[in-house]
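1. sequence plus predicted model, see below.
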Amino acid sequence: MPPGGILMRYSKAFIHTYYETPKEAETPSHVFLLRGCYIYPVAAGVYSLLPLGHRVAEKIKQIIREEMDAIDCLEITMPVLNPAELWKKTKRYFDIGPELFRFRDRRNREFVLAMTHEEVVTDIAKQFIKSYRDLPVTLYQIQTKIRDEARPRGGLLRVREFTMKDAYSFHPDFDDLDRFYPRMFNAYLRVFARCGLESIPIEAHSGIMGGTGSHEFMLPSEYGEDRFVTCSSCSYRANTEKAVGKKNMPQDDVSSVPPAERVSTPGVKTIADLKEFFNISSERFLKTVAYSADDQLVLAVIRGDFDISETKLATYLKAVRLELAPEEMLEKHGLYGGFLSPVGLPKNIRVVADDSVTAEIAFVAGGNEPDVHFKNVLYGRDFSVDEITDIAEVRDGDGCVQCGKGVLKIRRGIELGHTFKLGTKYTASDTMDVTYLDSGGKPQRVVMGCYGIGVERLMAAVVERWHDEAGIIWPITVAPYHVVIVPIGQKPDVMTLAEECYHRIGGKYDVIIDDRNESPGVKFKDADLLGFPIRVVVSQKLLQQGAVEIKVRKTGEVIICPTSELVERIEKVENQLLPNLTGLPFMDE
RNA sequence: CGGGGCGUAGCGCAGUCUGGUGAGCGCACCUGCCUUGGGAGCAGGGGGUCGGAGGUUCAAAUCCUCUCGCCCCGACCA
């Protein structure tokens, strides 16, 4: 705890709590942050942070700063307003959809509002990093990010304007990045732990960021919008966008399967229809879906008991845009929706199959003409596919590929942070082209990593993790005030003692004194709602015993403490409330 | 972008179906008195273009059309 806290009077603190839940709010963090006057909505997915919310955000930022500085990162500030030119260089101007705000200035020049800062920071690196002596270096900022999200939700959980800590590391080579990455990874674990959260690092999909490896740090929560799997017996943890499940491979006696046979199936199109029509289980069908990948037709084939992961497919195809193929595209290639199939397909059509289709069983597949299917279709005999990979959506209960014994469970979580090994995506010659001279005087390409934490989302996540029916339970490290002093009644001797306590504690802690002329119930309810970790009550009754009461919000523990020992007792409570940093799943540095 | 829900005082709501009473209730807010261990009491008071525009009607919060905003589910998503 930093020495010297601040003093605040409730009557001057701009706190206007609501007794009732605003109807727009559903998730606990949204409800309590609104009710506690921490935030105020401005537009969908756009919030003001009011004084209490601002204080919490600042405390989170300070923790982040300390951890970044501790691993030799340097803080900078980059602009939100970016020339489109820079974003065209890296092609992200074209690759990113409508979530990137684009507009023109008065001279008709194109600008964007930065959703991240790879372009700007890489431009800085290009200007100043000339020699191997300049490397490695990591720059970071805590800055506004703007994204026109399709659907903001859950209060602060997903918004369109927010504060992000984004760090960018520059390295002479991949080995150096690999050496640095665990330091950042571990710093992230410490940041979240210091904010009172036990995060679960998982293997993540790199998405449009590109790169060679990445982790997301998840807080399990039913209100989280990410899904990830955890293995019941090993350390495998991965986002469902990337997770691979072990597929069961049923087997028939292939030699006894009769030749493929044409079957008339008028109007039978879906797997559900087919199951009913043929009366066999879904794993015996081949599901074929037509996609338009950057305007090129691609057929994706998977066994009927799986679903296609469009994220995996897009990653495999390196496609920027992947959508279901429009009807006209099918017609152009002489294909029929509902009866698509890898069997008897014209050679010029690209097909990607999930490895589940190589099971040695008799399949039912589409006929590539209306109202026709084939049965007794065998992989290798009746059809084959050149491109076979994993494009299956992982399922709850799938086996673990890493250990081979465990079972994968799908969980929901809030993404607290994301670390990427970017590689040379932004330094390559066809993008920003950033090189340096090595000790032999030879030009080498700079290798990058990038690392983000959403500050407001982290604040909301803390509330999701730490609340009860009455309100927020701030971890002491991020609480807007550590201690609230509640005098009961307005009697002069009570007020005098309360003021005395206020000034004594205030030398070390952030303290707020509830100086309102309100009934005790009102003050207690507000203190609980607002979530101050330590409450000190001063009353006539206690005063006569020469005591005050300390109540711990988190545990409910009540300590009647001699007035003279107040500071010592609070220090003791504080020590119990400080987060524990041992036992985190650190990566070897 | 698809599906659903909601817009009446700062917050929560009733009134809308079936048009017509002076737009109401609770909380919050202001003034005074009083009170103080879990959302006190009494008295007085301020606050509304009923989301907006158009239409129907003698008459619209209420019926019709359009529109804007917000929330939830999904798609999408560093």
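-> Everything's here; your move. Numbers count the residues shown, from 1 in each chain, chains lettered A, B, ... in the order given.
2. what pairs with the residue nearest the centre of chain A across the strands?
-> For chain A, the residue nearest the mean C-alpha position is A:E415 (2.1 Å; Cα atoms, centre = their mean). Beta-bridge pairing for A:E415 (DSSP bridges): A:M218.
3. quick one: residues contacting the spatially closest residue to A:R109 that is not a sequence neighbour.
-> In space, and not counting its chain neighbours, A:R109 is closest to A:P83: 7.0 Å by Cβ to Cβ, 6 or more residues apart in numbering. Yep, even glycine has a C-beta here, placed from its N, CA and C like the rest. By Cβ atoms under 8 Å, 6 or more residues apart in numbering, A:P83 lies in contact with A:109-112.
4. likewise for A:F170?
-> Contacts of A:F170 (Cβ under 8 Å, 6+ apart): A:125, A:129, A:135-139, A:434, A:446-448.
5. tell me the strands beside the helix or strand in which it is found, with direction?
-> Using DSSP states H and E, A:F170 maps to strand A:161-171. Using DSSP bridges, the strands paired with strand A:161-171 in its sheet are strand A:137-146 (antiparallel), strand A:447-454 (antiparallel).
6. following element in sequence after that strand, please.
-> With secondary structure assigned by DSSP H and E, strand A:161-171 is succeeded by helix A:174-194.
7. give me the helices and strands touching that following helix, please.
-> helix A:51-70, strand A:161-171, strand A:200-203, strand A:213-220, strand A:408-423, strand A:447-454 (3 or more Cβ pairs under 8 Å, 6 or more residues apart in numbering; DSSP states H and E).
8. the closest residue to RNA strand B within chain A: how many residues sit nearby?
-> Nearest to RNA strand B, among the residues of chain A, is A:G521, at 2.6 Å (Cβ to the nearest atom of the strand). For A:G521, the tally of surrounding residues (other Cβ atoms under 10 Å) stands at 8.
9. for it, grab phi and psi.
-> When read as degrees, to the nearest 10, the backbone of A:G521 gives phi -60, psi -40.
10. pull out the buried residues from stretch A:6-19.
-> A:7-8, A:10, A:13, A:15, A:17 (16 or more other Cβ atoms under 10 Å).
11. near RNA strand B, list only the ones from these.
-> Checked against RNA strand B using Cβ under 7 Å from any atom of the strand, the buried residues of stretch A:6-19 yield the following neighbours: A:T17.
12. make a markdown table out of the buried residues of stretch A:6-19 and add pLDDT, secondary structure and distance to A:R55.
-> Below are the buried residues of stretch A:6-19 laid out as a markdown table (pLDDT from 0 to 100; DSSP: H, G, I helix; E, B strand; the rest coil; distance: Cβ to Cβ, whole Å):
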| residue | pLDDT | secondary structure | distance to A:R55 |
| --- | --- | --- | --- |
| A:L7 | 95 | strand | 13 |
| A:M8 | 96 | strand | 9 |
| A:Y10 | 96 | helix | 14 |
| A:A13 | 96 | coil | 10 |
| A:I15 | 96 | coil | 11 |
| A:T17 | 96 | coil | 16 |
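13. most packed of the strands paired with strand A:161-171?
-> strand A:447-454 (a mean of 25; mean count of other Cβ atoms under 10 Å).
14. and RNA strand B, is it touching that?
-> Yes: counting by Cβ under 7 Å from any atom of the strand, contacts between strand A:447-454 and RNA strand B involve A:450, A:452.
15. same check on stretch A:395-412?
-> No: using Cβ under 7 Å from any atom of the strand, stretch A:395-412 stays clear of RNA strand B, with a minimum separation of 8.9 Å.
16. put the alpha carbons of that stretch into CSV.
-> Extracted in CSV, the C-alpha atoms of stretch A:395-412 (Å, rounded to 0.1, in the frame of the first residue of the first chain):
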residue,chain,number,x,y,z
ARG,A,395,-17.6,-30.3,-28.4
ASP,A,396,-18.2,-30.5,-24.6
GLY,A,397,-17.1,-34.0,-23.6
ASP,A,398,-14.6,-34.5,-26.5
GLY,A,399,-11.4,-36.2,-25.5
CYS,A,400,-8.2,-34.3,-24.9
VAL,A,401,-5.6,-34.5,-27.7
GLN,A,402,-2.8,-33.4,-25.5
CYS,A,403,-2.9,-36.1,-22.8
GLY,A,404,-5.2,-38.6,-24.5
LYS,A,405,-7.0,-39.4,-21.2
GLY,A,406,-8.9,-36.3,-20.1
VAL,A,407,-12.3,-35.0,-21.1
LEU,A,408,-12.7,-31.5,-22.4
LYS,A,409,-15.2,-29.2,-20.7
ILE,A,410,-16.5,-26.0,-22.4
ARG,A,411,-16.6,-23.0,-20.1
ARG,A,412,-17.5,-19.4,-20.5
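17. check which residues of that stretch are buried.
-> Under the neighbour-count criterion of 16+ other Cβ under 10 Å, stretch A:395-412 has A:395, A:398-402, A:406-408, A:410-411 buried.
18. contacts made by that stretch with the rest, please.
-> A:220-236, A:240, A:243-248, A:306, A:394.
19. restrict these to those near RNA strand B?
-> Among those, proximity to RNA strand B is found for A:225-226 (Cβ under 7 Å from any atom of the strand).
20. show me how to select, in ChimeraX, the buried members of the contacts of stretch A:395-412.
-> Of the contacts of stretch A:395-412, the buried ones can be selected in ChimeraX as follows, counting by 16+ other Cβ under 10 Å:
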select /A:220,221,223,224,226,227,228,229,230,231,236,240,243,244,245,246,247,306,394
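21. the stretch 301-450 of chain A: helices as residue ranges?
-> Along the stretch 301-450 of chain A, counting by DSSP state H, counting those that start in this stretch, helices occupy A:310-317, A:327-332.
22. tell me which of the ones you listed is the most buried.
-> Among the helices of the stretch 301-450 of chain A, the stretch with the highest mean neighbour count (mean count of other Cβ under 10 Å) is helix A:310-317, at a mean of 20.
23. let's test this: mean pLDDT of it, rounded?
-> For helix A:310-317, mean pLDDT is 88.
24. what helices or strands is that helix leaning on?
-> Counting by 3+ Cβ pairs under 8 Å, 6+ apart, the packing neighbours recorded for helix A:310-317 are strand A:286-293, strand A:296-303, strand A:322-324, strand A:350-354.
25. number of residues surrounding A:D134?
-> By the measure other Cβ under 10 Å, the count of residues near A:D134 is 15.
26. check whether it really touches A:Y436, as I assumed.
-> Yes: in this structure A:D134 lies within contact range of A:Y436 using Cβ atoms under 8 Å: 6.6 Å.
27. residues of the stretch 1-150 of chain A that sit close to RNA strand B?
-> Near RNA strand B, when you scan the stretch 1-150 of chain A using Cβ under 7 Å from any atom of the strand, you find A:16-27, A:30, A:41, A:43-45, A:97, A:99, A:116, A:118, A:147, A:149-150.
28. quick one: the helices in the stretch 451-589 of chain A, in order.
-> Along the stretch 451-589 of chain A, counting by DSSP H, counting those that start in this stretch, helices occupy A:455-465, A:492-506, A:520-530, A:540-544, A:566-577.
29. just the pLDDT at the closest residue to A:V567 other than its chain neighbours, thanks.
-> Excluding the flanking residues, the one nearest A:V567 by Cβ to Cβ, 6+ apart is A:R504, at 5.9 Å. A:R504 is assigned a pLDDT of 95 by the prediction.
30. what is the neighbour count of A:R504?
-> Look at A:R504: counted by other Cβ under 10 Å, it has 15 neighbours.
31. repeat for A:H503
-> 12.
32. so where's chain A uncertain?
-> Scanning chain A for pLDDT under 70 picks out the ranges A:1-4, A:206-212.
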